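>>> below is the sequence, then the predicted model.
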Amino acid sequence: MGTVFKKTTTRPVPTGAEVGTKDGKRVARWRVRGKLRTAPLTTGTDGHPRITTRAATYTAKYRDHTGAVVERATGCRDEQVARQMLAKWEREVEQIKTGTLDARHLDSARRAATPLAEHLDAYEQSLIAADTSPVYRANLRSAVVRVAADCGFVTLADVSRETVERWLAARVGEKMSARSRNHYRESLVSFANWCQQVGRLREHDLHRIPKADQKADPRRKRRALTEDELTRLLSVARTRPLTDARLVRRGKNKGKALAELSDEAVTRLTTLGRERALLYKTLILTGLRVNELRTLAVRNLDLTAGGESIRLDARTEKNRAGSSLPLRTDLAEEIRRWIADQRLTPADRLFTVPAGLLRIMGRDLKAAGIPKRDDRDRTVDVHALRTTFCTLLSASGAAPRTTQQAMRHSDIKLTMGVYTDPRLLDIRGAIDKLPALPTGTSVAPPVAPTPGVSGQSLSSGFTRGQPSGEIRSPMGAVASACPVNGNAPVTTAVITGASIGLTGFEPATSWSRSNSTVVPTGAESPWISNKC
């Protein structure tokens, strides 16, 4: 049989407490928020006095189905209620022993009743062990915490599909994008899946929440830059730092490039422009993501002639694959000169990517006369340079599988459907390259037949028989030049002169011959007229 009791603990004597005696026992007295508190004193293992306190609620003590002694907090201040909790747990032990209750399901139910934050902390430790990026972990935790707070989820057992669906539906009214809503959904599903795998949750149906259609609700579609726009962007990026610094900001010369700069400032700004242009060019010709470029060190480069490439660290790459990307020869040469001029060591970062690169690029686009949005409402930002890389590969004739590999995508639909701008594809040129396919249709001869000369014909398909309007095919079938309803034919026969028999591999036979009619010079051909 189990028992219930209130746990007794000891702790250091509160600061400012008075030590005295009560009923012959040593006690300590102190005030908390104006109220007098008293507790008996005892001596700790270190020889210092400590106060003894009892818990306000009861704890149950019993043996589980394995025979181990278990102490569980009942959370009850009333002893009778605490004993009822103990009796319930002891019945569960008997049911497990007799096989009428699954211990794993019971344990999952108990753990699901604990605070949600405890499970989320454990899940985050699991993500750290899996070597996921800090940004991913922070975004996932933020999403789960927000949904839990808005929906009032306190324990894991509180999480329900219906409540989450209502929350997502409310976000539609707030104009939250489909992509953002899917992020919240996927974060919850990932968390719930892990809880189910480790036995913290028996089952869940959050994965049955329908996904939002991101294609029907695109908030940001990026476009690719043309070759002319790329040239202008790189030119402006190289010169704008120095040009802007020379502009007069106030006074009668406002807006003129008349400001005097020191030689040191000119050198610094020129180097900054050179770095920015090379940074853009690297993004355009490699398809790197901004964060990947930000963490790229000189040691990640192989600038050996003929084998120029970038080796990405798996821990900094989005897909954690540790990919190797080839470098164009001209880009590799510019990077080689940049490393030499800046005297960079293998451990140094290749570029200093500013945190405000998106804002800086927006100003560069404006200075270059490149609109951020086109007539299709597609935008240009830093990540659009990756779209440009993919589109240029497709437009150059690269195979879709090659482009997918260069983009490091696991799904070719993402490569072809999202990162390829159809406007830059030469569809007409591709169609013009299709082979010519002759249909075998007869064409008019270069010389018109001479009227009155027997044997000439404009086509060997059919021959005109009697002026009554009959048309005889080479196989001997007879048709009328005018339909039976008296209307004019859709097509007009153009064959005159004597008929010809079948020639070639088969000899002419009697059934292949047809009558012939010679049209006198100047006579009207009866089948040219619409009269029957």
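Thanks, I have it. The model shown is predicted, which means the values in this text are computed figures rather than measured ones.
>>> all helices of the stretch 51-200 of the chain, in order?
Taking DSSP state H, counting those that start in this stretch as the test, the helices found in the stretch 51-200 of the chain are 79-98, 103-112, 116-129, 134-151, 161-173, 178-197.
>>> rank the ones you listed by pLDDT, which is bottom?
Out of the helices of the stretch 51-200 of the chain, helix 103-112 stands lowest, with a mean of 70 (criterion: mean pLDDT).
>>> next, name the residue at the spatial heart of this protein.
Leu414 (7.1 Å; CA atoms, centre = their mean).
>>> could you find the closest non-adjacent residue to it?
Met407 (7.9 Å; CB to CB, 6 or more residues apart in numbering). Every residue, glycine included, has its C-beta placed from N, CA and C.
>>> go on, Leu312?
With sequence-adjacent residues excluded and distances taken as CB to CB, 6+ apart, Leu312 is closest to Ser323, at 5.2 Å.
>>> count of residues packed around that neighbour?
Ser323 has 18 neighbours, counted by other CB atoms under 10 Å.
>>> what backbone torsions are found at it?
phi -80, psi 160 (degrees, to the nearest 10).
>>> then Leu301?
phi -100, psi 140.
>>> dump stretch 79-94 to PDB, restricted to CA.
Provided in PDB are the C-alpha atoms of stretch 79-94 (Å, rounded to 0.1, in the frame of the first residue of the first chain):
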ATOM      1  CA  GLU A  79      -5.200  14.700   2.500                       C
ATOM      2  CA  GLN A  80      -8.400  12.900   1.400                       C
ATOM      3  CA  VAL A  81      -8.200  14.100  -2.100                       C
ATOM      4  CA  ALA A  82      -4.500  13.200  -2.200                       C
ATOM      5  CA  ARG A  83      -5.400   9.600  -1.100                       C
ATOM      6  CA  GLN A  84      -7.900   9.400  -3.900                       C
ATOM      7  CA  MET A  85      -5.200  10.400  -6.400                       C
ATOM      8  CA  LEU A  86      -3.000   7.600  -4.900                       C
ATOM      9  CA  ALA A  87      -5.700   5.000  -5.200                       C
ATOM     10  CA  LYS A  88      -6.200   6.000  -8.900                       C
ATOM     11  CA  TRP A  89      -2.500   5.500  -9.600                       C
ATOM     12  CA  GLU A  90      -2.400   2.200  -7.800                       C
ATOM     13  CA  ARG A  91      -5.400   1.000  -9.900                       C
ATOM     14  CA  GLU A  92      -3.400   1.900 -13.100                       C
ATOM     15  CA  VAL A  93      -0.500  -0.200 -11.800                       C
ATOM     16  CA  GLU A  94      -2.800  -3.200 -11.500                       C
END
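>>> contact partners of it?
1-4, 57-58, 60, 62-65, 72, 74, 76, 101, 106 (CB atoms under 8 Å, 6 or more residues apart in numbering).
>>> which stretches of the protein form strands?
All strands of the chain, identified by DSSP state E, fall at 3-5, 8-12, 18-22, 25-32, 35-43, 49-54, 59-63, 69-73, 301-302, 309-311, 324-326, 463-464, 470-472, 478-480.
>>> other residues contacting the third one?
When contacts are defined by CB under 8 Å, 6+ apart, strand 18-22 is touched by residues 13, 26-30, 38, 41, 49.
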